[in-house]
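Colleague: below are the sequence and a predicted model for it; my questions follow.
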Amino acid sequence: MAAVKIASFNVNNVNRRLPSLLGWLESTSPDVACLQELKAAQENFPEAALAEAGYSAVWHGQKTWNGVAILAKGTTPILTRIGLPGDISDAQSRYIEAAVAGVLIGCLYLPNGNPQPGPKFDYKLAWFERLITHAATLKAAGIPAVLAGDYNVVPTDIDIYPTKSWDDDALLQPESRAAFAKLLAQGWTDAIRRLHPEKRIYTFWDYKRHRWERNAGLRLDHFLLTPDLARRLTGAGVDMAVRGEQGASDHAPAWIALR
């Protein structure tokens, strides 16, 4: 049985990075691609260009900020949810869910939470709790599921280059890490860490202070798998070369392979 490749890419403006996105899709050919930070209104999503590249899509856009999408190659994602349950007043486009080839894909863009402490950090933690609650529902249903995307959390010190400069950042706070650990404790598997337990793997390099050139990165983009999918995991990695392109996103695409 052929492997299924699922990728996640914070594109940091889907229209501005469209040539890079299309080039990456052509060269790596993921079966499913979860995108975050579209920074495009619903009507401005580049559906036609992606269809020409062989990908159908469902998306939840938002003007200026946020936005998430799920692309599928050669099949149409079946939309099952837009937005997390638990707060009908939350208007930010940060979660979308679809069924693709018998797997439920949740694509998420968790709030950054800076500056902390403050209302943005409070929103991050509240959103995280809603994700934890929804994830428990998915897991209890026994559905093969992947929660993929930009979690805006550095889970442990091995997920960041050796430095103290980020210590006050919302990405590294004990509360952020505890929320991620709480998710894992439900029985989800951190796919990249499962296959690379000791390796320093990064998915994000800030534009400032030559962090890309110095490989001063952070691992913010994660794939959490239900136990049945964890047993099918055969590969995981990061397409780092994309981050080195002219005008690149500050994230590189990450991917997993399932048999």
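Modeller: Alright, I've got the coordinates.

Colleague: show me where the chain has strands.
Modeller: 4-10, 32-36, 55-60, 68-73, 78-82, 95-100, 103-109, 145-150, 189-190, 221-225, 233-238, 254-258 (DSSP state E).

Colleague: closest one to residue 138 among those strands?
Modeller: Closest approach to residue 138 among the strands of the chain is made by strand 145-150 (5.0 Å; Cβ to Cβ). Every residue, glycine included, has its C-beta placed from N, CA and C.

Colleague: quick one: that closest one to strand 68-73, angle?
Modeller: 120 degrees (axes from the mean of the first three to the mean of the last three Cα atoms, to 10 degrees).

Colleague: what mean pLDDT does strand 145-150 have?
Modeller: Mean per-residue pLDDT for strand 145-150: 98.

Colleague: what residues does that strand touch?
Modeller: When contacts are defined by Cβ atoms under 8 Å, 6 or more residues apart in numbering, strand 145-150 is touched by residues 6, 8, 10, 34, 36-37, 68, 103-110, 131, 135, 138-139, 183, 188, 220-226, 229, 251, 256.

Colleague: what do you get for stretch 17-27?
Modeller: By Cβ under 8 Å, 6+ apart, stretch 17-27 touches 9, 11, 14, 33, 35, 46, 49-50, 53-55, 71, 239, 242, 245, 247-249, 253.

Colleague: please apply the same query to stretch 113-122.
Modeller: 111-112, 123-125, 152, 168-171, 173, 175-176.

Colleague: sorry, back to before: among the contacts of stretch 17-27, which ones are buried?
Modeller: Among the contacts of stretch 17-27, those classed as buried by 16 or more other Cβ atoms under 10 Å are 9, 11, 14, 33, 35, 46, 50, 53, 55, 71, 239, 242, 248-249, 253.

Colleague: so which of those residues is the closest to residue 84?
Modeller: residue 35 (17.5 Å).

Colleague: wait, that closest one touches residue 61, no?
Modeller: No: counting by Cβ atoms under 8 Å, residue 35 does not reach residue 61; the two are 10.7 Å apart.
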